[in-house]
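Q: Turn this into a model:
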Amino acid sequence: IGSGGMGSVYKAAQPAMNRMVAVKILHPKLANRKDLVSRFRREARAMSHLTHPHTVKVLLYGELEDGSLYIVMEYLEGKNLNQSVRKDGPMATERAVPIMIQVCGALQEAHSQGIVHRDLKPENIFLSTNGGLRDFPKVLDFGLAKVTERELRPGSVMLTQEGMVFGTPEFMSPEQAQGKTLDARSDIYSLAVILYEMLTGKLPFDARTPMEYIQHHITKPPLHLDQRVPGKNFPPGLGDVLAKALEKRPEDRYATAASFADALKPFAPGGGKGFSAIFPKDTDGIEQASRTHEQVKAIPTPKPQQPKTPDAERTPAAPSARNAPATQDGPRSVRSNGAEQPASSAKPGAPPPVRAPMSSASRLVGEGAPSQRAPGPPSSKPISKPNSAPQPASPSGLMLAGVAVGFLLVGVLLAVVVLKLLR
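A: The predicted structure is shown next:
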């Protein structure tokens, strides 16, 4: 029933359950590509952890005798958003907004589990008619999904690296187009582009090539919804909601899919009532995960407490890059004229220098390889001891002195005895 560069999808029967299923099989010729195999397995693993009614259900996944990988999913009847808009034209606001609110519910669950889709587009949102329902959206294809390390199994290949770009140019966020670290707000940007096209039949930028779309996402402000189609009117305020979701900076967008859905509810029939049940109640973890890399680095990290010893009490220990708490980018350090120096080279009493932003090559991507930057050389500056009054000898020192005096007296007595015997 469908095919692509990675594999084919078949309609199959499951007689024991008396139902039809969809089987996605990776092309056997690609079985020796570790990156594609890892991507295929990652899609199955990510989707198998999701249970939201608006996410396609994964029933089973595994490997065939010839080495081909497969995913068994629920079989859906209907058509995707791209087919619907191409065939029937732009959707009315009363139809498009409820669909997007339900999609936000599916992504809210995925984001709460540390999964970012990263390839949202109209082809990956399917309007199912199963059970006689109309416009029941299902989110498909988590093949590019970014999952947390706890989702990865031993032997998995980390696919994303800093500077590498994956996704569909027309719908990717500015940070994705630049190969930066992604979080839930990247998906929100993509959702806004999809809704924009659902309402107007056009994208928020005029471009001809994928590279032009990428450049516009990064540098050009999108055309306002109210100005995109001359003569077509939209509810007041809807264009501003989309404009906020299409902000270039992730921190200027809605923090979660649920907050984006809340902003859309006033434009749905009945004020969007009845959609609350499709959203997870706890969103604190998602908002925490939506912090940008720079914000996380700005959070002060408490220094580890060192055990007190007599020497440590007399001489204050200088901070060391080896003992400093590690951040997401490796050992905490100070930059000077572009070169890194360990924290121990800072003079006592001087204000801490401002940390320069890290280059893109040294940032960490959620699934990328760890930073290759080596810690700076240890400081060659001698540590000066503060002037202080002489400290009284400790009890252990007095005991050692007493033992030494005792041995000395015994030696003198033995010498006197030996001299008398010789006489």
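
Q: Of all the residues in stretch 14-29, which ones are buried?
A: 21-27 (16 or more other Cβ atoms under 10 Å). Any C-beta I mention is one placed from the backbone N, CA and C, and that applies to glycine too.

Q: Now the lengthiest helix in the chain: average pLDDT?
A: Criterion DSSP state H: the longest helix present in the chain is helix 395-422. For helix 395-422, the mean pLDDT works out to 81.

Q: So which elements touch it?
A: Helix 395-422 sits against no helix or strand, with contacts defined as 3 or more Cβ pairs under 8 Å, 6 or more residues apart in numbering; DSSP states H and E.

Q: returning to that earlier point: which one of the buried residues of stretch 14-29 sits closest to Lys138?
A: Among the buried residues of stretch 14-29, Ala22 lies closest to Lys138 (Cβ to Cβ), at 11.2 Å.

Q: Quick check: which of the buried residues of stretch 14-29 has the minimum pLDDT.
A: His27 (78).

Q: Tell me the spacing between it and Gly4.
A: Plainly put, His27 is 9 Å away from Gly4 if you go by Cβ to Cβ, to the nearest Å.

Q: number of nearby residues for Arg249?
A: Using other Cβ atoms under 10 Å, the number of residues around Arg249 comes to 10.

Q: As CSV, the buried residues of stretch 14-29 with distance to Thr93 and secondary structure would be great.
A: Shown next, in CSV, are the buried residues of stretch 14-29 (distance: Cβ to Cβ, whole Å; DSSP: H, G, I helix; E, B strand; the rest coil):
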residue, distance to Thr93, secondary structure
Val21, 35, strand
Ala22, 32, strand
Val23, 37, strand
Lys24, 34, strand
Ile25, 40, strand
Leu26, 40, strand
His27, 41, coil
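
Q: Pull the most distant pair out of the residues you listed.
A: Val21 and His27 (19.7 Å).

Q: who's in contact with Asn48?
A: Quick fix: residue 48 is Ser, not Asn. Taking Cβ atoms under 8 Å, 6 or more residues apart in numbering, we find Ser48 in contact with 58, 61.

Q: cool, and Thr51?
A: Listed by Cβ under 8 Å, 6+ apart, the contact partners of Thr51 are 57, 109.

Q: and it, what are its phi and psi?
A: phi -120, psi 10 (degrees, to the nearest 10).

Q: Could you give the number of residues near the closest residue to Glu94 other than its chain neighbours?
A: Nearest-residue entry for Glu94: Pro269, 5.3 Å, with adjacent residues in sequence omitted and distances by Cβ to Cβ, 6 or more residues apart in numbering. Pro269 has 12 neighbouring residues, counting by other Cβ under 10 Å.

Q: Tell me the spacing between Pro269 and Leu127.
A: With Cβ to Cβ as the criterion, Pro269 and Leu127 are 17 Å apart.

Q: gap between Val103 and Ser8?
A: Counting by Cβ to Cβ, the gap from Val103 to Ser8 is 26 Å.

Q: more crowded one of the two?
A: Val103 (27 against 13).

Q: Correct me if wrong: that one contacts Thr55.
A: No. Val103 sits out of contact with Thr55 when judged by Cβ atoms under 8 Å, with a separation of 9.6 Å.

Q: ranges for the strands of the chain?
A: Counting by DSSP state E, the chain has strands at residues 2-3, 7-14, 19-26, 58-63, 69-74, 78-80, 125-128, 136-139, 326-327, 330-331, 333-336, 339-342.

Q: Many thanks, I have nothing further to ask.
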